[in-house]
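> Just the structure for this:
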Amino acid sequence: MITKTILTTLVMVALATTSLLSQVGIAPYADRSYLIKFEPGTTQAEINQAMIDLQSDEVWVSPLTGTRKWEMSLNVDFPYYNQALGIEILDINEQKEGASGRPKVDDADLNYYYTIDPLSTNPGSTSQNYCYEYTGRTRERSDIKVAILDTGFEGSSYGVVPVAQWNYVDGNAMARDFNGHGTHVFSIIESTYAELTNLHPNTISWDIRKTHDDDGYGELANIILALEEAVVDGADIINMSTSYYDSEDGEVQDMVKDVIDIIEQNNVLIVASAGNEATELDKTNGPNCFPSEFSTYNLLTVAAFDCEEQVLAEYSNYGLYSIDVTAPGNKIAGYVDSDFNLEYKSGTSQATAIVSGVAAFLGRNQTAFDYQEVKCAILSGADYKSDLQGKILTYGFINAKEAQKLIKDGCTEIIDEPGHGWGGDGRNDNTSIASSETLFPNPANNLVSLKFDVIQPQINVQIMDSRGQVLSQKKSLNSNQIEIAIDQLSSGMYFLQYETPNKTGQKTFVKI
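From the prediction side, this is the model:
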């Protein structure tokens, strides 16, 4: 059960699928709330006295770092004279400064807001395939838990029911998504996992935390609390398809880094997006984009790759020492509502969701979840792409099959040197994560097509349900593509097995 310590309120942190502030600067902040932390050993009596002196009320205390969200008491309006400080307080900024100067206060900061405009969607366009082929059965583990911090959840095409939900915007257990971003991200993670494992997504646990409202705005305070409560409730992987720019004084960076650091001590992998401002994040004079710029090793940071052009996506942030790996980010298919309306969206949010799906898949290949092994396998297994050299730590594009081999053999290296991931195994720019065949569209309605890179003398395919029952078969001669009618199938997940003179394989697809 999700820890319910609070009644949280609305705010704004930027969704990574969207274009972050077109003019980067100090973000606006809440005018009556702020964040405060006390030094270790501070008594509750001292904290209570600080609350009285600062004429504030406590909304919540985070469970791991002891970060507190305080709001001005209802009977206090700015400006006001603070007797304990002996000065007039004009606004929340001066309130924060007064709190920072108190004895026993370790840190205090404003409750920053951020806002954004979305990247365009591409309805009806052809999705860039996830580039993964069936990898083989994984070990039968069911204790992997994936937490998603986003705009909520509106339904699963596989019928998955999350084990936990919490709405930090409205302070209740109904994490409904009327924005679509969170549902889109969820559907990408679950379908990537299902495609790679050939297992139903309910073989792992899903934890939904609505940290952003229906307009796509999120509060930094909610992010902090949701991260900590996800860890307390047993998350192994946290998907953060979100990013934000720091204030100029760097205080937001310090407070959030404390949270990331303590999460690392709890063996949790955070998969975080690079952001969509086409900005090099390593520049000392550029904007600071977090959490991707933190050096804490349990952060796996993801940029978007353009599969068609074989280059870094034009909107994606990058940084040789800030961003670890890339994944497909253009025109990625996913559901956005309870009616399972399909939309194609682009952004580092989508790329991040794919990597989270791969991480969950790799976690099932371990006897006990170890975030360092998962990160090692993903980074060491990445395929070299010439356009990424000097832009991304691994110079690489995620390769799930190679990562699976590495994690089964044991992958324990700390990957922190540029280009390390691909350098020792002879793979080159001609090696792609993509298989030589593509199944599309996926999800599908009336037809699915299996396309090969070269003409095949013969293609045999059959469609099976989850019980292994063969539902239809078809054969094609001297062709590189075969179409199969599926209009007679009920909605759900199915498997397409194929055979050519040189290869056999299996794909997973969803009928809608």
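
> got any ranges where the stretch 1-150 of the chain has weak pLDDT?
1-27, 114-142 (pLDDT under 70).

> and residue 108, what helix or strand is that in?
Using DSSP states H and E, residue 108 sits within strand 105-112.

> Next, the buried residues of that strand.
Buried residues in strand 105-112, counting neighbours by 16 or more other CB atoms under 10 Å, are found at 105, 106, 107, 108, 109, 110, 111, 112. Using the backbone N, CA and C atoms, a C-beta is placed for each residue, glycine as well.

> Dump the residues you listed to JSON lines, plus distance to residue 346.
As requested, these are arranged in JSON lines below (distance: CB to CB, whole Å):
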{"residue": "105", "distance to residue 346": "43"}
{"residue": "106", "distance to residue 346": "41"}
{"residue": "107", "distance to residue 346": "37"}
{"residue": "108", "distance to residue 346": "38"}
{"residue": "109", "distance to residue 346": "33"}
{"residue": "110", "distance to residue 346": "32"}
{"residue": "111", "distance to residue 346": "31"}
{"residue": "112", "distance to residue 346": "26"}
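
> and which of those is nearest residue 225?
residue 111 (11.6 Å; CB to CB).

> neighbours around the spatially closest residue to that closest one that is not a sequence neighbour, how many?
Nearest in space to residue 111, with sequence neighbours left out and distances taken as CB to CB, 6 or more residues apart in numbering, is residue 30 at 4.0 Å. Residue 30 has 22 neighbouring residues, counting by other CB atoms under 10 Å.

> Show me what the host helix or strand of residue 30 packs onto, helices and strands only.
According to DSSP H and E, residue 30 maps onto strand 29-38. Packed against strand 29-38 by the contact rule (3 or more CB pairs under 8 Å, 6 or more residues apart in numbering; DSSP states H and E) you find helix 44-53, strand 68-72, helix 92-100, strand 105-112, helix 220-232, helix 251-264.

> so which of the ones you listed gets nearest residue 407?
helix 251-264 (19.2 Å).

> Helix or strand next in line after the closest one, which one?
Later in the chain than helix 251-264, the nearest helix or strand by DSSP H and E is strand 269-273.

> What are the contacting residues of that following strand?
Here strand 269-273 makes contact (CB atoms under 8 Å, 6 or more residues apart in numbering) with 16-17, 227, 236-243, 260, 263, 291-292, 298-302, 347-349, 351-352, 355-356, 359, 371, 374-375.

> Deepest-packed of the helices and strands packed on strand 29-38, please.
Compared across those, helix 220-232 shows the largest average neighbour count, a mean of 25 (mean count of other CB atoms under 10 Å).

> Centre of the chain to that one, how far?
Put simply, helix 220-232 sits 14 Å off its chain's centre (CA atoms, centre = their mean, to the nearest Å).

> Just the CA atoms of it, as PDB, please.
Extracted in PDB, the C-alpha atoms of helix 220-232 (Å, rounded to 0.1, in the frame of the first residue of the first chain):
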ATOM      1  CA  LEU A 220       9.000  19.800  -7.300                       C
ATOM      2  CA  ALA A 221       7.800  19.000  -3.700                       C
ATOM      3  CA  ASN A 222       5.600  16.200  -5.100                       C
ATOM      4  CA  ILE A 223       8.500  14.700  -7.100                       C
ATOM      5  CA  ILE A 224      10.600  14.600  -3.900                       C
ATOM      6  CA  LEU A 225       7.900  12.900  -1.900                       C
ATOM      7  CA  ALA A 226       6.800  10.500  -4.600                       C
ATOM      8  CA  LEU A 227      10.400   9.400  -5.100                       C
ATOM      9  CA  GLU A 228      10.900   8.600  -1.500                       C
ATOM     10  CA  GLU A 229       7.600   6.900  -1.000                       C
ATOM     11  CA  ALA A 230       8.100   4.800  -4.100                       C
ATOM     12  CA  VAL A 231      11.400   3.500  -2.500                       C
ATOM     13  CA  VAL A 232       9.700   2.900   0.900                       C
END
